[in-house]
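Engineer: What follows is a predicted structure for the sequence shown.
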Amino acid sequence: MALMPKRVKFRKSQKGRVRGNATRGNYVAFGEWGLQALAPGRISAQTIEAGRVVASQSVKGGGKLFIRIFPQKSVTAIPAETRMGKGKGEIEYWAAVVKPGTVLYEVSGLSEEAARAAFARVAHKMPIPCRFIGRRPTI
């Protein structure tokens, strides 16, 4: 089942726009390897779930998968061939707003080759370009 918030302050949200690079959530924090977004965009809850399924199949109990994004923005749509007016449409799906540099998924307990292969399959599902990154060495 797709992710969505338990409750929100307002049911319908404005579109907004994504400006600038990510200043938070832009490094590998929980695992050893990560998948980082290179462009701004919205990733639907269904796409996040599809990436989770593919990554968990690739991990196969050998490691642990971390999902670093959550869909908290409601995206509305009006039915096709509807006249103007009559208000804002109903919620179509939930999406996560992603800035360039945001880490989408992380994995631990896998070799670099296995993690790279797993994230290549996940990146293929994503609507934005992504890259494979490793954890920075700590001092």
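Structural biologist: Happy to help now that I have it. From a predicted model like this one, the values you see are computed outputs, not experimental measurements.
Engineer: CA only for contacts and neighbour counts going forward, please
Structural biologist: Fine.
Engineer: Would you map the helices across the chain?
Structural biologist: For the chain, applying DSSP state H gives helices covering 45-59, 112-125.
Engineer: looking at the ones you listed, which is closest to residue 21?
Structural biologist: Closest to residue 21 of these, according to CA to CA: helix 112-125, at 19.2 Å.
Engineer: what packs against that closest one?
Structural biologist: strand 33-37, helix 45-59, strand 130-134 (3 or more CA pairs under 8 Å, 6 or more residues apart in numbering; DSSP states H and E).
Engineer: what would the ones you listed look like in JSON lines with mean pLDDT and mean neighbour count?
Structural biologist: Listed next are these as JSON lines, based on pLDDT from 0 to 100; neighbours: other CA atoms under 10 Å:
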{"stretch": "strand 33-37", "mean pLDDT": "97", "mean neighbour count": "27"}
{"stretch": "helix 45-59", "mean pLDDT": "95", "mean neighbour count": "18"}
{"stretch": "strand 130-134", "mean pLDDT": "96", "mean neighbour count": "19"}
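Engineer: Can you report how many residues lie near the nearest residue to residue 11 once chain neighbours are set aside?
Structural biologist: Setting aside the residues directly before and after it, residue 11 is nearest to residue 74 in space (CA to CA, 6 or more residues apart in numbering), at 7.3 Å. If you count neighbours by other CA atoms under 10 Å, residue 74 ends up with 22.
Engineer: do residue 32 as well
Structural biologist: Residue 32 - counted by other CA under 10 Å - has 18 other residues nearby.
Engineer: shift numbering so it begins at 46
Structural biologist: Fine by me, first position is 46 from now on; the one you just mentioned is residue 77.
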